[in-house]
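Undergrad: any chance you can model this:
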Amino acid sequence: MGNLLYVIAVILIIGWAFGFLVFHAGGVIHILLVIAIVAVLLKVIRGSSD
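TA: Take a look at the predicted model:
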């Protein structure tokens with residue numbers, strides 16, 4: 001499950017970077033970045049508590 005969160009976070013970060021550089025879609029792109037950061041933080045927190 002942790003690997004899945006990491007993969008999703010990486011995909012979202014790539015999508016954010018691509019969207020920010022190409023489309024300039026505004027706030028929607030930044031929501032993707034926030035979701036990616038939350039996913040990475042959850043992985044780090046859950047990984048350190050095991």
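
Undergrad: going by C-alpha atoms from here, please, whenever you check contacts or count neighbours.
TA: Will do.

Undergrad: what is the neighbour count of residue 14?
TA: 15 (other Cα atoms under 10 Å).

Undergrad: and what about residue 31, helix, strand or coil?
TA: When classified by DSSP: H, G, I helix; E, B strand; the rest coil, residue 31 comes out as helix.

Undergrad: how near is it to residue 46?
TA: According to Cα to Cα, to the nearest Å, residue 31 stands 22 Å off from residue 46.

Undergrad: same check, this time on residue 35
TA: 16 Å.

Undergrad: which one of these two is surrounded by more residues?
TA: Neighbours were counted for residue 35 and for residue 46 using other Cα under 10 Å; residue 35 has more, 15 against 11.

Undergrad: tell me which helix or strand residue 15 sits in.
TA: Under the criterion of DSSP states H and E, residue 15 resides in helix 2-22.
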